[in-house]
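1. let's see this in three dimensions:
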Amino acid sequence: MNSAFFSPMDMDQKEKQKEQSSSPIYVHNPHLDALKDDILYHFSLGTGSHNLPAMFGDVKFVCVGGSPWRMKSFTEFIAAELAMEDPKSEYPNICAGTDRYAMYKVGPVLSVSHGMGIPSIAIMLHELIKLLHHARCTDVTIIRIGTSGGIGLEPGTVVVTKQSVDATFQPKFEQVILGKTVVRSTDLDQSLAQELLQCSKGLNQFETVIGNTMCTLDFYEGQARLDGAFCSYTETDKQEYLLKAKEAEVCNIEMESSVFAAMCKLSGLRAAVVCVTLLDRLKGDQLSSSHEVLNSYQLRPQILVGSYIKQQLKAKAENR
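-> The predicted structure follows:
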């Protein structure tokens, strides 16, 4: 038989092999199979009311961040970066039926807000992971872009998280389920972290480092701030704690990375956290930079992640 000839069966086998080599999104919940319709309540979406594969089946990159404004801004930025749509277009909020989260889409890039803190991002991730699963997405990369407090870093430094640690500097996420404490790993994709670092070096626009990120349950006492409504420790106590964090290779502090890492690992999502530092917590607790400077800092994770996505899509197009 001529080796250049492929029968329909050969083509089917090739398609099956391609599907098997791709990475699906996993949900670990047998109860979902019994649902006639899966309602993603906080997104105002559902399997019965929306054609999720048609709407989201082409998604390859998901970027999540705290505020709806920031994620809409990222959508406009990535539209210009990829030259897919007019960045000045009005991008509809796909989750307009709810006021909990905002969601925007440009080509294969989905942009979603997650609110502030572990409970808010965890709710969003449950529904996002189910959405990607129902849409039959494969080979998805998800990146959290945000702001943070730095430890011993110049404000404006971008930190790509090596590992998320808790307030005792342990790489774990703990959750109470049915009255029992469940401990989950907070490992992130190290190859993705290195790719992002190399991308930043190519940009050569701002300082970027890889280090551990401490995820806390609170913005004030949980992060050793002295300016909350309550405080039972001294400046010396604060400095000693933050220096211990620095010894544990903690570069920055935020409030979402641990559950983000844990849930992405469970679902098979390739994940990274990219946050800019707005201040050095060893030198103070309150932001003193101007509004313009802070806005310029907040754009840095967008610039890095946007450049990375553009780079990856270009490489995939060239390999086709």
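2. just the buried residues of stretch 231-238, please?
-> Of the residues in stretch 231-238, those buried by neighbour count under the rule 16 or more other Cβ atoms under 10 Å are residue 238. For the C-beta atoms, the positions are set from N, CA and C on the backbone; glycine is no exception.
3. contacts for it next, please.
-> Stretch 231-238 is contacted from outside by 220-221, 224-226, using Cβ atoms under 8 Å, 6 or more residues apart in numbering.
4. nearest to residue 149, of those?
-> Proximity of the contacts of stretch 231-238 to residue 149 (Cβ to Cβ) peaks at residue 225, which lies at 8.8 Å.
5. I figured that closest one hits residue 287, correct?
-> No: judged on Cβ atoms under 8 Å, residue 225 makes no contact with residue 287 at a distance of 11.8 Å.
6. run a quick neighbour tally on residue 122.
-> By the measure other Cβ atoms under 10 Å, the count of residues near residue 122 is 19.
7. in a helix, that's where it is, yeah?
-> Yes: the assignment for residue 122 by DSSP: H, G, I helix; E, B strand; the rest coil puts it in a helix.
8. need the contact list for it.
-> So residue 122 contacts 259, 263 (Cβ under 8 Å, 6+ apart).
9. any idea which residue sits dead centre in this structure?
-> Centroid-nearest residue in the chain, with Cα atoms, centre = their mean: residue 144, separated by 2.2 Å.
10. burial measure for residue 89, as a count.
-> For residue 89, the count of nearby residues is 11 (other Cβ under 10 Å).
11. change the start of the numbering to 49 and stick with it
-> Right, with 49 as the first residue, what we last looked at is residue 137.
12. the stretch 99-248 of the chain: strands as residue ranges?
-> 109-113, 151-154, 157-161, 189-198, 206-213, 220-225, 228-233 (DSSP state E, counting those that start in this stretch).
13. still on that earlier bit, out of the contacts of stretch 279-286, grab the one that's most surrounded.
-> Greatest neighbour count in these, by other Cβ under 10 Å, goes to residue 272: 22 neighbours.
14. so what's the residue count around residue 310?
-> There are 24 residues near residue 310, going by other Cβ under 10 Å.
15. so how far is residue 241 from it?
-> From residue 310 across to residue 241, the span is 16 Å (Cβ to Cβ, to the nearest Å).
16. how about residue 235?
-> 11 Å.
17. test my guess that residue 319 contacts residue 313.
-> Yes: assessed by Cβ under 8 Å, residue 319 is found in contact with residue 313 at 7.3 Å.
18. run a quick neighbour tally on the residue nearest to residue 194 when sequence neighbours are not counted.
-> Once flanking residues are discounted, residue 194 sits nearest to residue 323: 4.7 Å by Cβ to Cβ, 6 or more residues apart in numbering. Neighbour count of residue 323, defined by other Cβ under 10 Å: 28.
19. tell me the bridge partners for residue 323.
-> Beta bridges link residue 323 to residue 194, residue 207, judged by DSSP bridges.
20. pLDDT value on it, please?
-> pLDDT, residue 323: 98.
21. residue 62 too?
-> Per the predicted model, pLDDT is 43 at residue 62.
22. picking up where we left off before, contact partners for the residue nearest to the centre of the chain?
-> 111-113, 162, 304-305, 308, 319-323.
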